[in-house]
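*Asks:* Provide a 3D model corresponding to the input given below.
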Amino acid sequence: MISERLSKVGREFKQTLAMRDPVRVDSPGAKPAAVLMPLWDDGKDIQVIFTKRSAALPHHAGQISFPGGMRDPEDKDTSFTALRETAEEIGVPPARVEIVARLDQTVTITDFVITPYVGILDFNGDFELNPTEVDRLVITPLSKVLDFSLYKPREIKWQGMAFQQKALEHNGDIIWGATARILLDLLSALGDDAKKIVFAALN
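*Replies:* Numbers count the residues shown, from 1 in each chain. A predicted model of the protein is given here:
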């Protein structure tokens, strides 16, 4: 069963974001991909589920990301991709996810166009990680994810390159890159309504 407060959070996301058209990126030649921002009630708090990607992956190895990946030719749309990849990576069946919003697309430095979705999980927490893709989960309170003041400028070093960008730290893990951009775009879209969602998550 989806808890009452998680249902309320889902409704707040749906109602607030339904009032705008998500940004679409025009990037000819870029590879389509999709991710899910999973929201889960662990009995104490509404949590956002991130993954720490395996160091053996060819793209974005070791980074903190949402479950997701490249769209397969047989995927009927990007929401299908996000749900399929979530099932493959962390063991949450598509039937246990209710998608409540589509977010702004973003482009990665590896030339993927990512379409993000927000979904609420009707799930008991028995996550099954695919060890070839996921090292571990990074479970972060939604109230922290939606607090703009916690996104701080950082120098990120990755594959011999240095980046200056805003990032979110949680228990020693740094959420940066495309994932941080998705979250910052979400905060921009929510504006002051982010406070309503945080209130719903905490009550």
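
*Asks:* the lowest-mean-pLDDT helix or strand in the chain pairs with which strands?
*Replies:* One helix or strand of the chain scores below all others by mean pLDDT, DSSP states H and E: strand 151-158, with a mean of 86. In the sheet, strand 151-158 lines up against strand 161-170 (antiparallel) (DSSP bridges).

*Asks:* okay, buried residues for the partner strand please.
*Replies:* For strand 161-170, the neighbour count (16 or more other C-beta atoms under 10 Å) marks 166-168, 170 as buried. (C-beta placed from N, C-alpha, C; glycine too.)

*Asks:* pipe these into CSV and attach pLDDT and distance to Ala30 per row.
*Replies:* Formatted as CSV, these follow (pLDDT from 0 to 100; distance: C-beta to C-beta, whole Å):
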residue, pLDDT, distance to Ala30
Lys166, 94, 23
Ala167, 95, 23
Leu168, 97, 25
His170, 97, 29
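
*Asks:* quick one: which of those is nearest Asp42?
*Replies:* For the buried residues of strand 161-170, the closest approach to Asp42 (C-beta to C-beta) belongs to His170, at 14.8 Å.

*Asks:* so what's that closest one closest to, chain neighbours aside?
*Replies:* Sequence neighbours aside, Thr140 is the residue nearest to His170 in space, at 4.7 Å (criterion: C-beta to C-beta, 6 or more residues apart in numbering).

*Asks:* returning to that earlier point: closest one of the buried residues of strand 161-170 to Ala101?
*Replies:* Ala101 lies nearest to Leu168 out of those, by C-beta to C-beta, at 19.6 Å.

*Asks:* now do the contacts for the closest one.
*Replies:* Residues near Leu168 by C-beta atoms under 8 Å, 6 or more residues apart in numbering: 140, 144-145, 150-152, 174-176, 180, 183.

*Asks:* what do you get if the cut-off is 7 Å, keeping everything else the same?
*Replies:* For Leu168, the contact set (C-beta atoms under 7 Å, 6 or more residues apart in numbering) comprises 150-151, 175, 180, 183.

*Asks:* of these, grab the buried ones for PyMOL.
*Replies:* Buried members of the contacts of Leu168, defined by 16+ other C-beta under 10 Å, are picked up in PyMOL with:
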select buried, resi 151+175+180+183
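
*Asks:* ok, of the contacts of Leu168, which one's closest to Lys52?
*Replies:* Using C-beta to C-beta, the contacts of Leu168 come closest to Lys52 at Ile175, 10.2 Å.

*Asks:* excluding chain neighbours, give the residue nearest to the closest one in space.
*Replies:* Excluding the flanking residues, the one nearest Ile175 by C-beta to C-beta, 6+ apart is Leu168, at 4.3 Å.

*Asks:* bridge partners for the one you found, pull those for me.
*Replies:* Counting by DSSP bridges, Leu168 is bridged to Tyr151, Ile175.

*Asks:* measure it to Ile49 for me?
*Replies:* From Leu168 across to Ile49, the span is 14 Å (C-beta to C-beta, to the nearest Å).

*Asks:* can you classify the spatially closest residue to Ala18 that is not a sequence neighbour as helix, strand or coil?
*Replies:* Take Ala18 and drop its neighbours on the chain: the residue closest to it by C-beta to C-beta, 6+ apart is Ala101, 7.6 Å away. Counting by DSSP: H, G, I helix; E, B strand; the rest coil, the backbone at Ala101 sits in strand.
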